[in-house]
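**Student:** give me a model of this one.
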Amino acid sequence: MKDKIFGVLQRVGRSFMLPIAILPVAGLFLGIGGSFTNETMLETYGLMSVMGPGTFINAILQVLNAAGSIVFDNLHIIFAMGVAIGMAKQEKEVAALSAAIAFFVMHATIGALITDFGAPDLSGATASVLGINSLQMGVFGGIIVGLGVAALHNKYYKIQLPQVLSFFSGTRFVPIISAAVYLVVGIAMYYIWPVIQNGINALGGFVLASGYAGTWLYGFIERALIPFGLHHVFYIPFWQTALGGTAMVNGVLVEGAQNIFFAELATPGIEHFSVEATRFMAGKFPLMIFGLPGAALALYRCAKPENRKAVGGLLLSAALTSMLTGITEPLEFTFLFVAPAMYVVHCIFAGASYMIMHILNVGVGLTFSGGLIDLTLFGIMQGNAKTSWLWIPVVGVVYFIVYYLVFSFMIKKFDYKTPGRDDSEIKLYTRADVNARKEGEAAAAQGGGDTALSREIMMGLGGKANISDVDCCITRLRCTVHDASKVDQQMLKNTGASGVICKGTGVQVVYGPRVSVIKSDLEAFLASPASNEDAPQAAATVAADSAPASTGAHVIASPLTGNVIPLEQVEDGVFSEKMVGDGFAVEPTDNQVYAPADCEVATVFGTKHAIGLTTTDGVELLIHLGIDTVQMNGAPFTIDVKEGDKLKKGDKIGSFDEKMIVEAGYRTVTPVVVTNSDVYTTFTLQKTGKVSAGDEVLTVE
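**Tutor:** Next up, the predicted model:
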């Protein structure tokens, strides 16, 4: 459960990245537009005649200001759509549209209830949301919509409705169900959100009252969560909701530290930006522009002299990236990888940086990075009187020296193998390297797993980048690839597959009933950082476990009334070429399915189109109801048994809707296959043509 929650939080954090990625551009527009339309600044630098009100340049700058403001004013719906896109597995454009519809429906529902019953008795409870008088839910409202719609989308985007409603099947169903669900959510939120808002306000008040210690803790946690990819989940509520404070700016109640800063940036006459808001942002500047470059210098100086040239090029590039843009991964993950204790020290220093900026009343905000670009736009260009930005280089120089001295001491004292300190490969590390090592350690602790097999399948399909989709039926791994010419059929057969079928960009790899486990392992592997290494490795070929067959002849009856045909006459390469196993097929004239022998139900596939049985004398059977009917998602099938049930010959297994299958363009011919055929030598078809359910058809010896 812990791993599952952690995985979900990681996906949520990654889904925040799409809306967050918009902020630098919006901040750039707002920073330039807000700075050069500020009359105080223009008068200070003597630019009123060139860029003052009424000039052409001023008009352009006002447009930039408006273009930046509109993004920050509507982050709620941007997050709704962005999170839905990030969390959706497939058909992401449908998820985005559904999120927008759900967002409108939820707020329209709340607005109607406010009109009928009045607004909750809560300060700043209501706001205009895209022209709708609704509750002030801010970006939380967008996240609630995005996460919920993504869950609905992932569950229903392949749904098959009854024939009369088939037009609304699949992706068309998602916006319908999203609108219906969020009408109910809107009603619920009218009553629930005021309670939640009171809680957020109380928690925000506690955070603000925590003073400098709270600021240090915020900075420490924000850095500490970066290796886990959860820092976005942590800081976004502070930046975008009342957790980071509330303020009246230009007569409007604004929630969230970043929103407060940018609202003040766009408002003329602000004497000093709110430090209670920028306390959650300003601490990044000494860290990114000065501290981490100091750490880079320590790594360079501690490298062997003969390696410094190679190391210096890498570290200089990483240090400049940190200084200019605030992107710190190459440096942070390098010392996290080789010396986690250094990362702990880094987190402590990070918390201290936030706290010092708070103490010194520094009011510089940022879009997301904390590099020189943000410092220039939101600190230097706004003037020291409004931002106290001059403290940043003063503290930064001290940070550079401290990072250099402390990290140099730790590297030499504990002999950390930082880049260039030994003869190993000279490289900087990334999140993928750290995660891959964790996964390798976990796999070793658990005795390995199916990583090697999954890797070999991935390579056989042309590598991770060539794989578009992964699915399976009862016997086949069904994959879609971008370029069929990259598929290596022999490599796939070497993984234990009994056959490979390529049709256009569709690839079917036949593994038999164990395919569902193979599919799950492959999906998990493709989602892991280890799959980024497209280097072939030896596959751990896993042979299918077969129940030992008893001696003598075993007789299998027909499970259906109809016409028996040899398996070779089935117009499907997997069955006609006996890739799954030997047996026979029935063209049914009746829709009832019965047990062909005394047996136990081994597998009932989720889509109900296939059933695995094990007879009392060890024969493993697969009854595959129709060809390619897995695509129908179980709609035509009724299965009356479950896994583990013990059946006598002739007991009813289930039934199917023949008309629905045919009208959908599929065939009802049903292969009956012995999946452990390799343990038998003789298969004798006793009867072909017309049979009744229960008639003896196949003898296996």
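**Student:** from here on, contacts and neighbour counts on C-alpha atoms
**Tutor:** Fine.
**Student:** Three-state assignment for residue 366, please.
**Tutor:** Look at residue 366: counting by DSSP: H, G, I helix; E, B strand; the rest coil, its state is coil.
**Student:** for the nearest residue to it once chain neighbours are set aside, report the pLDDT, please.
**Tutor:** Spatial nearest neighbour of residue 366, excluding adjacent residues (Cα to Cα, 6 or more residues apart in numbering): residue 374 at 5.6 Å. For residue 374, the pLDDT comes out at 85.
**Student:** which residues are in contact with the host helix or strand of residue 374?
**Tutor:** In this assignment (DSSP states H and E), residue 374 forms part of helix 372-375. Applying Cα atoms under 8 Å, 6 or more residues apart in numbering, the contact partners of helix 372-375 are 285, 289, 323-326, 364-367.
**Student:** nearest to residue 515 among the residues you listed?
**Tutor:** Nearest to residue 515 among those: residue 326, at 45.5 Å, using Cα to Cα.
**Student:** count of residues packed around that closest one?
**Tutor:** Neighbour count of residue 326, defined by other Cα atoms under 10 Å: 23.
**Student:** that one and residue 369 touch, don't they?
**Tutor:** Yes. The pair residue 326 and residue 369 qualifies as a contact (Cα atoms under 8 Å) at a distance of 4.4 Å.
**Student:** picking up where we left off before, quick check: the gap between the residue nearest to residue 366 and residue 64.
**Tutor:** Distance, residue 374 to residue 64, by Cα to Cα, to the nearest Å: 17 Å.
**Student:** among the two, which residue is more densely surrounded?
**Tutor:** Comparing residue 374 with residue 64 by neighbour count (other Cα under 10 Å), the higher total belongs to residue 374, at 24 against 20.
**Student:** and the helix or strand where residue 398 lies, which residues are buried?
**Tutor:** Applying DSSP H and E as the criterion places residue 398 in helix 391-414. Using 16 or more other Cα atoms under 10 Å as the test for burial, helix 391-414 gives 391-392, 395-396, 399-404, 406-408, 411.
**Student:** flag the shaky bits of the stretch 401-550 of the chain, pLDDT-wise.
**Tutor:** Residue ranges of the stretch 401-550 of the chain with pLDDT under 70: 423-450, 473-475, 512-514, 516, 529-550.
**Student:** do a quick rundown of the strands in it.
**Tutor:** For the stretch 401-550 of the chain, the strands defined by DSSP state E, counting those that start in this stretch cover 467-472, 476-481, 499-503, 506-510.
**Student:** same check, this time on the stretch 101-250 of the chain
**Tutor:** Assigned by DSSP E, counting those that start in this stretch, the strands in the stretch 101-250 of the chain fall at 126-129, 132-135, 246-249.
**Student:** and the contacts of the first one?
**Tutor:** This means strand 126-129. For strand 126-129, the external contacting residues (Cα under 8 Å, 6+ apart) are 107, 119, 133-136.
**Student:** kindly report the same for stretch 655-662.
**Tutor:** Residues outside stretch 655-662 that contact it (Cα under 8 Å, 6+ apart): 163, 591-593, 629, 636-639, 667-668.
**Student:** over to stretch 278-286?
**Tutor:** For stretch 278-286, contacts defined as Cα under 8 Å, 6+ apart pick out 215, 218-219, 238-239, 244, 257-258, 261, 350-351, 353-358, 362-366, 369-372, 375, 392-393, 395-396, 399.
**Student:** endpoint to endpoint, it covers what distance?
**Tutor:** Distance between the two ends of stretch 278-286: 14 Å, counting by Cα to Cα.
**Student:** tally up the residues packed near residue 154, please.
**Tutor:** Neighbours of residue 154 under the rule other Cα under 10 Å: 18.
**Student:** with residue 687 instead?
**Tutor:** 17.
**Student:** regarding the closest residue to it other than its chain neighbours, what is its secondary structure?
**Tutor:** Excluding the flanking residues, the one nearest residue 687 by Cα to Cα, 6+ apart is residue 697, at 5.2 Å. Look at residue 697: counting by three-state DSSP, its state is strand.
**Student:** same thing with residue 361?
**Tutor:** Per three-state DSSP, the local secondary structure of residue 361 is coil.
**Student:** show the pLDDT at it.
**Tutor:** Reported pLDDT for residue 361: 95.
**Student:** check the gap between the residue lying closest to it once chain neighbours are set aside and residue 322 for me.
**Tutor:** Distance criterion Cα to Cα, 6+ apart; nearest residue to residue 361, sequence neighbours excluded, is residue 275 at 6.0 Å. Per Cα to Cα, residue 275 is found 24 Å from residue 322.
**Student:** ramachandran coordinates for residue 59?
**Tutor:** Per-residue torsions, residue 59: phi -60, psi -40 (degrees, to the nearest 10).
**Student:** okay, now it: neighbour count?
**Tutor:** Residue 59, neighbours per other Cα under 10 Å, totals 16.
**Student:** about what we covered before: residues in contact with the residue nearest to residue 361?
**Tutor:** Residues near residue 275 by Cα under 8 Å, 6+ apart: 358, 361-363.
**Student:** same check on residue 276?
**Tutor:** With contact set as Cα under 8 Å, 6+ apart, residue 276 has these partners: 208, 245, 257, 358.
**Student:** quick check: it vs residue 355, distance?
**Tutor:** 12 Å.
**Student:** before we move on, what about residue 195?
**Tutor:** Distance of residue 195 to residue 355, given as Cα to Cα: 31 Å.
**Student:** in terms of neighbours, single out the busier of the two.
**Tutor:** residue 355 (25 against 14).
**Student:** mind telling me what element the more buried one is part of?
**Tutor:** Using DSSP H and E, residue 355 falls in helix 340-359.
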